[in-house]
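J.: Fold the following.
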Amino acid sequence: MACAVAAILMTSAKAADASPAKVFTSVKETDLANLILTVRAEERLGITTATVERKKVARTRFYGADLVLPSPVITPDERGRHAGQSVFPILPSLSSAELVRLAQSQIDADGQIEQARVQVQAARVALNRAEQVLREKAGSVRSVDEARAQSELAEAALRRAQAQRELLGAPVLGADEPAVLWVRVPVYVGDIRRIDPNANALIGGFGGEGGDLRHQAAPVPAPPSANPGAATVDFFYALTNGTPAFRLGEKVGATLALKEDEDSPVVPWSAVVHDVQGGAWVYENVGPQSYARRRVQVRYVHNREAVLARGPMPGAKVAVTGVAELFGTEFGIGK
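T.: Next comes the predicted model:
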């Protein structure tokens with residue numbers, strides 16, 4: 001009986017010490033993806049290589065942005081006359097009904113400007129007539145003073161109507177494809193002093209990758225605009241609406257330059273390929289017609305170069321053309 005109990009205890013102890021899982025063949029990730037091509041296959045795939053470099057690159061930051069109508073430009077001569085006024089851009093967040101009411105307000109304001117101009121012309125004609133009658137000694141100085149006062153009142157009314165119209169922004173009607181759009185970029189207040197306010201922004205697709213075609217947008221002075229609830233301040237950039245055309249209210253991605261730069265390893269963006277899980281890889285040239293797939297971690301993309309946080313050491317050669325063909329050859333979908 002005692003022997004049986006001892007055997008049971010020894011068996012339980014061995015079971016407790018046993019590992020819950022055993023790995024019989026441990027293979028490193030770098031051993032899973034080595035390709036050796038023939039000279040002819042390498043020529044057919046059109047593979048060329050570039051060296052991983054470590055160099056100083058400008059830092060950037062990606063923000064979501066939207067396209068809005070430009071604000072009216074106030075010249076220095078008009079600035080004193082419009083002192084204390086804020087001309088805000090018309091944001092694309094308005095509903096259809098609000099846009100209709102805004103268009104009606106703009107039409108009414110345009111009509112008031114035309115009416116004020118007619119009144120100015122009529123007041124000037126009356127002033128000229130009063131002055132002519134006075135010169136012919138058939139009128140009075142009082143009549144001239146009254147006509148001059150009416151002319152000044154009419155001009156003041158015209159200036160007031162023009163200022164009220166400017167507050168309503170650019171015309172909504174006929175603004176489907178404006179030649180120039182403004183890009184409104186909400187920037188977190190903690191990043192404001194890191195952004196280079198004089199550098200151009202790169203505007204591209206909101207959900208596109210860093211290597212997608214992007215357009216230059218120049219910074220423009222704009223009235224103060226912020227969202228206290230989101231702790232953001234708006235930066236504005238002028239974007240030429242070329243081909244393909246952008247649409248008013250479209251969400252875009254804006255890459256803004258930071259003031260600081262840093263030394264980092266970089267590879268051409270064309271060298272990076274992504275797998276189905278979203279992992280980023282490059283193919284390192286480890287020997288004649290021999291390529292090994294290496295995992296990389298891309299921090300950001302600048303001027304079509306991928307800045308790496310992890311990857312091959314500087315000096316290594318990686319494939320920059322024919323990368324997709326190498327990926328397809330490795331997984332059996334290429335020929």
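
J.: For the stretch 201-335 of the chain, which segments count as strands?
T.: For the stretch 201-335 of the chain, applying DSSP state E, counting those that start in this stretch gives strands covering 201-205, 215-219, 226-227, 232-240, 251-268, 273-274, 280-287, 290-302, 305-310, 317-321.

J.: Run through the helices of the stretch 101-250 of the chain in chain order.
T.: Using DSSP state H, counting those that start in this stretch, the helices of the stretch 101-250 of the chain run over 141-167.

J.: where are the low-confidence patches of it?
T.: Applying pLDDT under 70 to the stretch 101-250 of the chain flags residues 170, 172-178, 207-213, 242-245.

J.: Go again with 90.
T.: Applying pLDDT under 90 to the stretch 101-250 of the chain picks out residues 101-110, 127, 129-147, 163-184, 197, 202-216, 221-229, 239-250.

J.: could you dump the strands of the stretch 201-335 of the chain to JSON lines with mean neighbour count and distance to Ile107?
T.: No exception for glycine: its C-beta is placed from N, CA and C like everyone else's. Output for the strands of the stretch 201-335 of the chain, formatted as JSON lines (neighbours: other C-beta atoms under 10 Å; distance: least, C-beta to C-beta, whole Å):
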{"stretch": "strand 201-205", "mean neighbour count": "21", "distance to Ile107": "32"}
{"stretch": "strand 215-219", "mean neighbour count": "17", "distance to Ile107": "31"}
{"stretch": "strand 226-227", "mean neighbour count": "12", "distance to Ile107": "30"}
{"stretch": "strand 232-240", "mean neighbour count": "19", "distance to Ile107": "26"}
{"stretch": "strand 251-268", "mean neighbour count": "18", "distance to Ile107": "29"}
{"stretch": "strand 273-274", "mean neighbour count": "15", "distance to Ile107": "51"}
{"stretch": "strand 280-287", "mean neighbour count": "20", "distance to Ile107": "54"}
{"stretch": "strand 290-302", "mean neighbour count": "19", "distance to Ile107": "46"}
{"stretch": "strand 305-310", "mean neighbour count": "18", "distance to Ile107": "50"}
{"stretch": "strand 317-321", "mean neighbour count": "20", "distance to Ile107": "57"}
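
J.: Point out the one among the ones you listed that comes closest to Tyr188.
T.: strand 232-240 (5.9 Å; C-beta to C-beta).

J.: what residues does the closest one touch?
T.: 67, 70, 89, 179-189, 192, 195, 197, 200-201, 203, 215, 217-220, 222, 225-227, 246, 254, 256 (C-beta atoms under 8 Å, 6 or more residues apart in numbering).

J.: Direction included, what does that strand pair against?
T.: strand 180-188 (antiparallel), strand 215-219 (antiparallel), strand 226-227 (antiparallel) (DSSP bridges).

J.: between those, which gets nearest to Ala316?
T.: Of all the strands paired with strand 232-240, strand 215-219 comes closest under C-beta to C-beta, at 32.5 Å.

J.: quick one on the thing from earlier: so which of the strands of the stretch 201-335 of the chain comes closest to Leu167?
T.: Among the strands of the stretch 201-335 of the chain, if distance is taken as C-beta to C-beta, the winner is strand 232-240, at 17.4 Å.

J.: Direction-wise, compare the closest one with strand 201-205 and give the angle.
T.: Computed by axes from the mean of the first three to the mean of the last three C-alpha atoms, to 10 degrees, the angle separating strand 232-240 from strand 201-205 equals 80 degrees.

J.: Give me the distance between the residue nearest in space to the middle of the chain and Pro70.
T.: For the chain, Ala254 is the residue whose C-alpha lies nearest the centre (C-alpha atoms, centre = their mean; 1.4 Å). Per C-beta to C-beta, to the nearest Å, Ala254 is found 16 Å from Pro70.

J.: give the contact list for the residue nearest to the centre of the chain.
T.: 62-65, 183, 185, 201-203, 217, 237.

J.: any idea how far the residue nearest to Val266 when sequence neighbours are not counted is from Leu239?
T.: In this structure, Val266 finds its nearest non-sequential neighbour in Glu305, 4.6 Å apart by C-beta to C-beta, 6 or more residues apart in numbering. Counting by C-beta to C-beta, the gap between Glu305 and Leu239 amounts to 23 Å.

J.: now Ala231
T.: For Ala231, the distance to Leu239 - C-beta to C-beta - is 25 Å.

J.: cool, and Thr60?
T.: Counting by C-beta to C-beta - Thr60 and Leu239 are separated by 17 Å.
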